[in-house]
Each structure stands twice: as C-alpha cells, then as structure tokens.
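> fold the following for me, if possible:
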Amino acid sequence: MVDRGSWVTDWQSSPRWWSARRCGFVAVPLSNRVTWPREAGSDVDLDAVDTSLVRALQADGRASFETLAGVVGLSRVATSNRVQRLLDSGAIRVAAVVHPAARGLSTLGHLAIDVSADAAKVAATIAAKPEMPLVSIVAGRHAVIAEVRTEDMGHLRATVTEVRELPEVHTVTTAVYTRGVKDVYAPGQGRAPAAAVPQPTELDPIDQGLVSLLQHDGRSSYAELGRAVSISPSSARARVRALLDAGVVHIAAMIRPGMLGLSSMCGFGLTLDTGPGITDRIAEHPEVYYLTETIGTWDALGTVLCSSSETVSVTLDQIRNIPGVVHLEAWMHLHVVREDYSLPALSGGDTEGEGTR
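Residues are numbered from 1 along each chain as shown. Alright, predicted model coming up:
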C-alpha cells in the first residue's frame, strides 16, 4: 500500500526492499501470496508499551522476549502476552522479506495508470503479472498505481509496454527509483547500510525452504524450522543467521494499518528544487513512512499513514512548506489489489538436509 532502481544506483542500499507493505496480506512449498488472517478482530488500542513493541519488532522480528522485555521494561511473561495479543488480533504479523537484489531485481519503478473504463479490471490484470508486487486502485489524477520490479531497464520498458497495450489503459506514467530515503520496516527505522546489500544469490533447496517458512511465520522456532526441512535446530539457526547477516532476507513486523487506527493512507509525488537534504527533511515527519527519490514524472515519491483524512491534509501541507518542495501531487489509496513481496514457491527439488548433528 505504499508508493515507491537503480541504474545500479544506490536504491539497493535503501530500506525500501524490506517492505512487504502494510496492508491486508507448513509445509514447503509455500504459496507466493502472503495474506492476513481471515478472521481479524476489531481495531486494537495501543498504549505506549504496545507501540514500543511494534517498533522493536519492525527493527528485528525475531527479537527474543527477553530482549523485548528489556526494551519495554516488563517481565518476559507480560511481554510475551502482549506480543501474542498483537499477533492474534491480526494487527501485526512477523514475516521474512527477500531483498530484490538477491533475486537479481535491480530496477524498480512506479507506474501511474489512467484508464478509459473499469479500473478494477485493469488492476486485476496487472496484479497477475509477477513483476508487479504492488497494485492499488487510487483516487486522484490516476486510477491505478503499481510498483514494478525487474532485472534491468530493458525489462522495465517491456513491462510498461505490456501495460500500455491493455485495451482499457489510456496512459502510463513512469518514475524509476534511484535512492531510498525512508522505510519504517528497515532496521533502525531508516537506512540499510550499503554493506548489507547482497549480490544475486542462488539459494539451495534448504535455504529456500527456510525462507518460505519464515515468510509464513517469521518467529518460528529453530526447532520448528529445522524439523520442516530435515536439519538440526543448530543448523537451522546457522543458516537463518547467514541469510540475515548477508542481507538476503530481513524479518520484521508488518502492521495492518486499519486495525491500529491508521486508516488513511495517501501517496504523494514531489517536484523538488536542487538544494541538498530536501528529502531527508521530509523523512523526518513521523507520518511519512515511505520515501524514495526517483527519476521521471516526479523527483521523489512517498506515502503518509495517518489516523484521519484531516491529519493527512495537515501533513501534506507541512511537506509543501518545506524549503525546496516546488510541487506536491497526492492520491488516496482506495483498494490494494495486490501486495506481495514473497519469495516464489519452490519449483522443484527437495529439502533433504544435512541431518542431525
């Protein structure tokens, strides 16, 4: 539900890849599609402790209850109960997200699509394309927005052409991501270090199985993970740590905004002056939970997540008033048709492992 290349630029060092973005979302292989629980409860009232827990789990979805207890100043049991309440309510889920660079996806873009009729049909057609992890119907100058992830500019151009050739599509406007500035799902609530950017990586069947399981439940124990792929808990731990340390995957809490009282989500595109640090100042606003610099239609794209349309309006005005912001265009998300950043299911082979050590 977020609006987000490199030309082998430094988008890969940005946090954007962590996103498995924030909307309504075993055995191996696991389905590509990640979904929220069907029976989710009503809005969850968060106090300061719950908010701190959510933030800590966004930074490290596998943080131990002891570590989390130290963050919030409660006992381990009380902390465990709070985390379980958040998980059971459907307000958050913890899952692994695979870095696109590890999958050879080095060029990301944002498509703003005008249609002649039936935006829902266009969105559904686009959402069926594997290159499109995010597709949303929006209110604004355009009817549908989408994120596209491809190997290079040639593949991006071909994908955009396919969208343009759909009968109901009138125009497609494209912006290519160049530098990620902010993503609340990145470690430390901000920037991922360049050193953490992985090279394209071929995962063996065991690692693929572990990643698939962690996409389903990022807090699965090493015993559960090891049992599922026929290796020892210690081997499972070593493999998961290697994937995390190499930057191939990140495990984080993903929030369901509406259940946390954050019901208004608005994307925006910016035309900026040439001064330094403009996007960094925009990123300081707490309501801005995603921001990336781009080349194309806009100089930057972002998303604000707020409790009401009034708060959205105030936040957008605050962004407009930042020195260096020349123009702001906004759109409200009406219906997210697809939001899926999972690793494709295993296509073959088995997960016969190393045995118990």
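> residue boundaries of the strands in the stretch 201-350 of the chain?
Along the stretch 201-350 of the chain, the stretches classed as strands by DSSP state E, counting those that start in this stretch are 249-255, 264-272, 288-296, 300-306, 325-339.
> redo these as JSON lines? Include distance to Lys121 and mean neighbour count.
From N, CA and C alone the C-beta is placed, and that goes for glycine too. Below are those laid out as JSON lines (distance: least, C-beta to C-beta, whole Å; neighbours: other C-beta atoms under 10 Å):
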{"stretch": "strand 249-255", "distance to Lys121": "28", "mean neighbour count": "25"}
{"stretch": "strand 264-272", "distance to Lys121": "21", "mean neighbour count": "22"}
{"stretch": "strand 288-296", "distance to Lys121": "26", "mean neighbour count": "23"}
{"stretch": "strand 300-306", "distance to Lys121": "25", "mean neighbour count": "25"}
{"stretch": "strand 325-339", "distance to Lys121": "11", "mean neighbour count": "18"}
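> relative to Ser212, which of the ones you listed is closest?
Closest approach to Ser212 among the strands of the stretch 201-350 of the chain is made by strand 249-255 (10.9 Å; C-beta to C-beta).
> packing partners of that closest one?
helix 48-59, strand 92-98, helix 205-216, helix 233-245 (3 or more C-beta pairs under 8 Å, 6 or more residues apart in numbering; DSSP states H and E).
> what bits of the protein have low per-residue confidence?
1-45, 184-200, 257-263, 341-357 (pLDDT under 70).
> tell me how it divides into domains.
Domains of the chain are assigned by the TED database as 48-90, 102-187+257-335, 198-246.
> span of the longest one from start to end?
What that stands for is domain 102-187+257-335. In terms of C-alpha to C-alpha, to the nearest Å, the two terminal residues of domain 102-187+257-335 are separated by 30 Å.
> picking up where we left off before, the helices and strands packed on strand 249-255 into TSV, with extra columns for distance to Asp273?
Converted to TSV, those look like this (distance: least, C-beta to C-beta, whole Å):
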stretch	distance to Asp273
helix 48-59	32
strand 92-98	34
helix 205-216	41
helix 233-245	39
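> Ser307: which of these is closest?
Comparing these by C-beta to C-beta, helix 48-59 comes nearest, at 13.1 Å.
> and Val163, how close does it get to Ile145?
Using C-beta to C-beta, to the nearest Å, we find Val163 at a distance of 12 Å from Ile145.
> these two: who's more crowded?
Ile145 (26 against 21; other C-beta atoms under 10 Å).
> list the contacts of that one.
Counting by C-beta atoms under 8 Å, 6 or more residues apart in numbering, Ile145 touches Asp3, His110, Leu111, Ala112, Ile113, Leu134, Val135, Ser136, Val138, Gly267, Trp331.
> what is the three-state secondary structure of it?
strand (DSSP: H, G, I helix; E, B strand; the rest coil).
> ok, back up a step: so which of the domains of the chain comes closest to Ala96?
Short answer: domain 198-246, nearest of these by C-beta to C-beta, at 3.6 Å.
> hey, what's in contact with both of Val163 and Ile145?
Leu111, Ile113.
> bridging residues for Val148?
Val148 forms beta bridges with Gly109, as assigned by DSSP bridges.
> hang on, it packs against Glu131?
Yes: applying C-beta atoms under 8 Å, one finds Val148 in contact with Glu131, separated by 5.2 Å.
> in terms of neighbours, single out the busier of the two.
The neighbour comparison of Val148 against Glu131 (other C-beta under 10 Å) goes to Val148, with 27 against 20.
> quick check: the more buried one vs Val181, distance?
Taking C-beta to C-beta, one finds Val148 at 19 Å from Val181.
> with Glu66 instead?
From Glu66 to Val181 the distance is 33 Å (C-beta to C-beta).
> among these two, which residue is more densely surrounded?
Val181 (22 against 10).
> residues in contact with the nearest residue to the more buried one once chain neighbours are set aside?
Of all residues not flanking Val181 in the chain, Leu291 sits nearest, at 4.3 Å (C-beta to C-beta, 6 or more residues apart in numbering). Applying C-beta under 8 Å, 6+ apart to Leu291 gives the contacts Gly180, Val181, Lys182, Asp183, Thr279, Ile282, Ala283, Ala300, Leu301, Gly302, Thr303.
> Leu291 pairs with what?
Lys182, Gly302.
> can you list residues touching both of Val148 and Glu131?
In contact with both Val148 and Glu131: Thr159, using C-beta under 8 Å, 6+ apart.
> how close does Arg62 get to Thr173?
39 Å.
> if you could redo that for Thr279, that was the one I meant.
20 Å.
> more neighbours: those two, which one.
Legend: neighbour count by other C-beta under 10 Å for Thr279 and Thr173, higher for Thr279 (23 against 17).
> wouldn't that one be in contact with Glu293 here?
Yes: using C-beta under 8 Å, Thr279 is in contact with Glu293, at 5.8 Å.
> shared neighbours of the two, anything?
Val181, Ala300.
> grab the nearest non-local neighbour of Arg237.
Tyr222 (4.5 Å).
> for that neighbour, what are its contacts?
Tyr222 touches Pro233, Ser234, Ala236, Arg237, Val240, counting by C-beta under 8 Å, 6+ apart.
> ok, the third one touching Ser220?
No: in terms of C-beta under 8 Å, Ala236 does not count as a neighbour of Ser220; the distance is 9.2 Å.
> more crowded one of the two?
Ala236 (26 against 22).
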